[in-house]
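Peer 1: Make a model of this:
(chains A, B, C and D)
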Protein chains: 2
Amino acid sequence: MDTPAPDRLPTLADVAARAGVSTATVSRCLNDPARVQKATRQKITEAVTALGYSPNFGARALAAKRTDTIGAIIPTLDNSIFARGLQAFQSALVDHGMTLLLASSSFRPDLEAAQIRTLVARGADGLMLIGHERDPALYDFLERQGVPVLVSWVHAPEQPRASVGFDNRAAMTAMAHAVIDRGHRRLATISGYTQANDRTRDRVAGIRDAMVDRGLNPGTLQVVETHYGIETGARAFSQVMGNEQPPTAVICGNDLLALGAMRQARRLGLSVPGDVSVTGFDDMELSSIADPPLATVRIPHAEMGTQAAGMLTQMVRGGARPESVALPCDLCLRASLGPVPG
Amino acid sequence: MDTPAPDRLPTLADVAARAGVSTATVSRCLNDPARVQKATRQKITEAVTALGYSPNFGARALAAKRTDTIGAIIPTLDNSIFARGLQAFQSALVDHGMTLLLASSSFRPDLEAAQIRTLVARGADGLMLIGHERDPALYDFLERQGVPVLVSWVHAPEQPRASVGFDNRAAMTAMAHAVIDRGHRRLATISGYTQANDRTRDRVAGIRDAMVDRGLNPGTLQVVETHYGIETGARAFSQVMGNEQPPTAVICGNDLLALGAMRQARRLGLSVPGDVSVTGFDDMELSSIADPPLATVRIPHAEMGTQAAGMLTQMVRGGARPESVALPCDLCLRASLGPVPG
DNA sequence: TTGCGCAATGCAAGCGCTTACATTTCCACC
DNA sequence: GGTGGAAATGTAAGCGCTTGCATTGCGCAA
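Peer 2: Coordinates of the predicted model:
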């Protein structure tokens, strides 16, 4: 009944003593107020305020066996499309009473593996990951630990794990159709690295699909792989344009690469789309105000984030594995894509 | 010595039993391998692997009274400059063995307050916050909870809390000097909302400082406040240019606003910088490839993130409050800033 | 008035780990 | 071989909360 020692934080027991009830009642009052009588609740609330009580996280996690925390590992926040998707994810998580633990992998499988283990060790109740492809041992580990996983940024219903995303391959096919239908025959793509990355691989495959659809030989597609980035895109553009048979359209794996390509075109004195068309993928906020505005694929980043938060919360709380969700992409046909020159 | 029940995760005790040592030794081996003999360490390591042991977070946090987790609350990841700063922060945190808990406030003090309490309740050992200005009750709360705070994105040595950042006011003064020195006399600024935001307020004040320095009446500065964003920047630009005495230079509070302003200029048929100069603040990756390239202030986002991670780790582990750090900003004078027309 | 059933509350056993302190082991040195 | 002391390890007491089960109290029907 006495005041807590001044050198330590108040505990549940302090609150209970002050309110004249048991710790069990205080705990119930905090976690499910409907289960205690109104008068009791009031006494407890008053004691909590007076003491400035705030529950101890470790104790709660230990006793309740959950942390209400979701981990997410994304390639990098430096790419604004991931950042924006994550923003939506985080906001929605808060709405569900969950908190976000964040890590990034820099597109490196080894770092990602380490981060997965770290986030689980930090008590993540569930995990959001980008793309399906990773070492099966990691999935085993997560299964053993009982940590549910939701994969985003892809839609691959044949995969054994739940996902919320879009069909990278089909989306890129749609863009490539639009390119080919403007008369382009000599195509190049500047792609992110395809190793250990199902999204980039699907995007390249999507271009080839479109070429086959339109009677072109997919073997003629020039492919340059590089890191995602403006400067790397610019360099890759120089490379593909330096060939004896330069492409009339450069289909880029994301908007950063495309913006880099367009910058380089300007430096080389090439007009876009007069001499060469350039397309992107992602539809970053700034792509529409580029000069010329960038033709690209709008991916449902916010929708993915929001839905992922809801699904993961459900998986963590309900235990059920939800159905995978496919979200649509829109083609944004802007001025950087024009008819084939000549 | 028997195998653990199949329906639960292995515990320290299981590992200890299998390795034939006490739980204390296993704990020491895991947390400070140097303290156990090599042979013992080997037995333990083998038991850990065989059992697939992974420590329980709640128990560890409860017993050790720390989580090795740092919380950060930023306005929004939708703005790539915050996202990039956070990327650097997170990477550096990992290097220090810490994990990031992330929340966002949407620039709303009430949401930020709620997030601060949430992150503390989720066991954050320390907190990184943007800007100094917030309800003193929050600082009291954090102090009572013993959670150290590091403020970023500002440098204000007179504040009682440690910070790592830059002088928003001085940086903006430098930019405004550059503008005025090109002959501009009629100035406008498109600013983020200044309520509860010391950064935006300092930036506007910085412009006024420069005007005073150069003998202009700071009262003539046209100020429009709006949300940070491209579209809002575009609308604000129309508003300031619609006055009977339109400015010859529009100094924007960040790059998004400036890019919106430039887009609107194009729509209105105004040449930048021929008819009106536009400047930004942040130096987002894409600002240099805008058309025309945007004159702006480069803020040390990555450096702030990296240093913040180091300082906060030190505060959490060492307890000492480090010195506040001031980082320099660079002026990026690009083509969107030209001489006054006529 | 008595008894029954349910709602409200209390009791107490963990949850799995860290760590202060106690004990044992191992050497170097005399 | 004996001794002192450091290094290695063991013992066991919590850390603060949740929750299954036990108990109490109260309204209501008989």
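Peer 1: DNA strand C versus residue A:26, what's the distance?
Peer 2: 8 Å (CB to the nearest atom of the strand, to the nearest Å). Glycine gets a C-beta too; all of them are placed from N, C-alpha and C.
Peer 1: thought that residue was touching residue A:12?
Peer 2: Yes - using CB atoms under 8 Å, residue A:26 is in contact with residue A:12, at 5.4 Å.
Peer 1: Which of those two has more residues huddled nearby?
Peer 2: residue A:26 (27 against 20; other CB atoms under 10 Å in any protein chain shown).
Peer 1: a helix runs through that one, doesn't it?
Peer 2: Yes - assessed by DSSP: H, G, I helix; E, B strand; the rest coil, residue A:26 belongs to a helix.
Peer 1: Show me what the biggest helix by length in chain A is packed against.
Peer 2: For chain A, the helix with the greatest residue count under DSSP state H is helix A:301-318. Packing partners of helix A:301-318 (3 or more CB pairs under 8 Å, 6 or more residues apart in numbering or on different chains; DSSP states H and E): strand A:69-74, helix A:80-95, strand A:126-130, strand A:149-152, strand A:163-165.
Peer 1: and of the ones you listed, who's closest to residue B:160?
Peer 2: Nearest of the helices and strands packed on helix A:301-318 to residue B:160, taken as CB to CB: helix A:80-95 at 29.2 Å.
Peer 1: Relative to whichever helix or strand comes after the closest one, what are the paired strands and their orientations?
Peer 2: Note on helix A:80-95: by DSSP states H and E, the next helix or strand toward the C-terminus is strand A:99-104. Partners of strand A:99-104 in the sheet, by DSSP bridges, are strand A:69-74 (parallel), strand B:99-104 (antiparallel).
Peer 1: relative to helix A:301-318, how tilted is the first one?
Peer 2: Angle, strand A:69-74 to helix A:301-318, by axes from the mean of the first three to the mean of the last three CA atoms, to 10 degrees: 140 degrees.
Peer 1: So which residues on chain A come close to DNA strand C?
Peer 2: A:20-25, A:28, A:35-37, A:39-40, A:59, A:62-63 (CB under 7 Å from any atom of the strand).
Peer 1: and with 6 Å instead?
Peer 2: A:21-25, A:35-37, A:40, A:62-63 (CB under 6 Å from any atom of the strand).
Peer 1: pLDDT score assigned to the residue in the stretch 1-150 of chain A that DNA strand C sits nearest to?
Peer 2: Closest to DNA strand C within the stretch 1-150 of chain A is residue A:24: 2.9 Å, counting by CB to the nearest atom of the strand. Residue A:24 is assigned 92 on the pLDDT scale.
Peer 1: Same check on residue A:32?
Peer 2: 87.
Peer 1: Any figure for the gap between it and residue A:180?
Peer 2: 60 Å (CB to CB, to the nearest Å).
Peer 1: Compare these two (neighbour count), which wins?
Peer 2: Neighbour totals were compared for residue A:32 and residue A:180, and residue A:180 leads with 20 against 9 (other CB under 10 Å).
Peer 1: and the closest residue to the more buried one other than its chain neighbours, what is it in contact with?
Peer 2: Once flanking residues are discounted, residue A:180 sits nearest to residue A:214: 4.7 Å by CB to CB, 6 or more residues apart in numbering or on different chains. Contact analysis of residue A:214 by CB atoms under 8 Å, 6 or more residues apart in numbering or on different chains lists A:177, A:180-181.
Peer 1: picking that back up, now the strands paired with strand A:99-104 as TSV including distance to residue A:337?
Peer 2: Formatted as TSV, the strands paired with strand A:99-104 follow (distance: least, CB to CB, whole Å):
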stretch	distance to residue A:337
strand A:69-74	29
strand B:99-104	35
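Peer 1: Using a markdown table, lay out those strands together with mean pLDDT and mean neighbour count.
Peer 2: Rendered in a markdown table, the data for these read as follows (pLDDT from 0 to 100; neighbours: other CB atoms under 10 Å in any protein chain shown):
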| stretch | mean pLDDT | mean neighbour count |
| --- | --- | --- |
| strand A:69-74 | 96 | 26 |
| strand B:99-104 | 96 | 25 |
